[in-house]
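[1] Need coordinates for the below:
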Amino acid sequence: LAGLQISLFNVSDLANPTLITKYVVDDGSRSYSSAEWDFLGFRYLVQSKILILPVTLKSFDVIDENFDGFWTFDISTDGITKGFEFRHVSPENIISYCWYPALLPTRSFVFSGDVVTMRSHSILRHSLNSGEKQWELDLDEENTGDCSPYFI
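    Predicted structure coming up:
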């Protein structure tokens with residue numbers, strides 16, 4: 001496996017966990033989640049069974065396939081289904097924008113049915129029901145002098 005995988009296990013017998021289902025990102029890109037090393041980066045909503053996960057896709061061949069943001073997943077014992085994508089930077093801006101060297105931590109918060117996501121240089125708010133963007137704050141919008149590469 002060369003990318004991101006989400007697995008759901010039955011742990012009713014802690015000595016013998018069994019795989020119930022999994023979701024594999026198999027798109028030819030290098031994919032990962034910062035939640036692999038920062039457990040505060042993801043959020044699971046128990047009542048609605050929604051996983052909010054930071055996702056990064058790196059493609060060295062096709063710029064448009066690069067992604068940095070969050071995906072939602074519906075989690076059940078029947079399967080893991082991808083929901084919405086919340087893109088924090090366009091593929092074009094990853095290589096051609098003036099980025100300040102400081103980064104926001106990767107976090108998500110849920111308020112009144114909306115999710116607020118923070119990642120790298122932006123903060124977004126989306127509806128968890130429709131995926132519609134409510135607002136966006138680009139912290140590097142006015143930056144023109146202290147430029148660094150975008151780190152994904």
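[2] At which residues are the strands of this structure located?
    5-10, 18-24, 30-32, 43-45, 50-58, 67-76, 79-87, 104-111, 114-120, 122-127, 133-138 (DSSP state E).
[3] for this protein, what are the low-confidence residue spans?
    In the predicted model of the chain, residues 1-2, 27-29, 95-98, 101, 146, 149-152 satisfy pLDDT under 70.
[4] hmm, try it at 80
    The chain contains residues with pLDDT under 80 at 1-3, 26-29, 59-63, 92-102, 140-152.
[5] Using JSON lines, please lay out the strands of the chain together with distance to Ser148 and mean neighbour count.
    From N, CA and C alone the C-beta is placed, and that goes for glycine too. Shown next, in JSON lines, are the strands of the chain (distance: least, Cβ to Cβ, whole Å; neighbours: other Cβ atoms under 10 Å):
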{"stretch": "strand 5-10", "distance to Ser148": "31", "mean neighbour count": "14"}
{"stretch": "strand 18-24", "distance to Ser148": "33", "mean neighbour count": "13"}
{"stretch": "strand 30-32", "distance to Ser148": "21", "mean neighbour count": "18"}
{"stretch": "strand 43-45", "distance to Ser148": "28", "mean neighbour count": "15"}
{"stretch": "strand 50-58", "distance to Ser148": "17", "mean neighbour count": "21"}
{"stretch": "strand 67-76", "distance to Ser148": "15", "mean neighbour count": "20"}
{"stretch": "strand 79-87", "distance to Ser148": "20", "mean neighbour count": "16"}
{"stretch": "strand 104-111", "distance to Ser148": "14", "mean neighbour count": "15"}
{"stretch": "strand 114-120", "distance to Ser148": "11", "mean neighbour count": "21"}
{"stretch": "strand 122-127", "distance to Ser148": "15", "mean neighbour count": "18"}
{"stretch": "strand 133-138", "distance to Ser148": "15", "mean neighbour count": "12"}
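[6] I'd like those strands written out as JSON lines, with distance to Gly145 added.
    As requested, the strands of the chain are exported to JSON lines (distance: least, Cβ to Cβ, whole Å):
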{"stretch": "strand 5-10", "distance to Gly145": "40"}
{"stretch": "strand 18-24", "distance to Gly145": "42"}
{"stretch": "strand 30-32", "distance to Gly145": "31"}
{"stretch": "strand 43-45", "distance to Gly145": "35"}
{"stretch": "strand 50-58", "distance to Gly145": "27"}
{"stretch": "strand 67-76", "distance to Gly145": "23"}
{"stretch": "strand 79-87", "distance to Gly145": "26"}
{"stretch": "strand 104-111", "distance to Gly145": "20"}
{"stretch": "strand 114-120", "distance to Gly145": "19"}
{"stretch": "strand 122-127", "distance to Gly145": "19"}
{"stretch": "strand 133-138", "distance to Gly145": "16"}
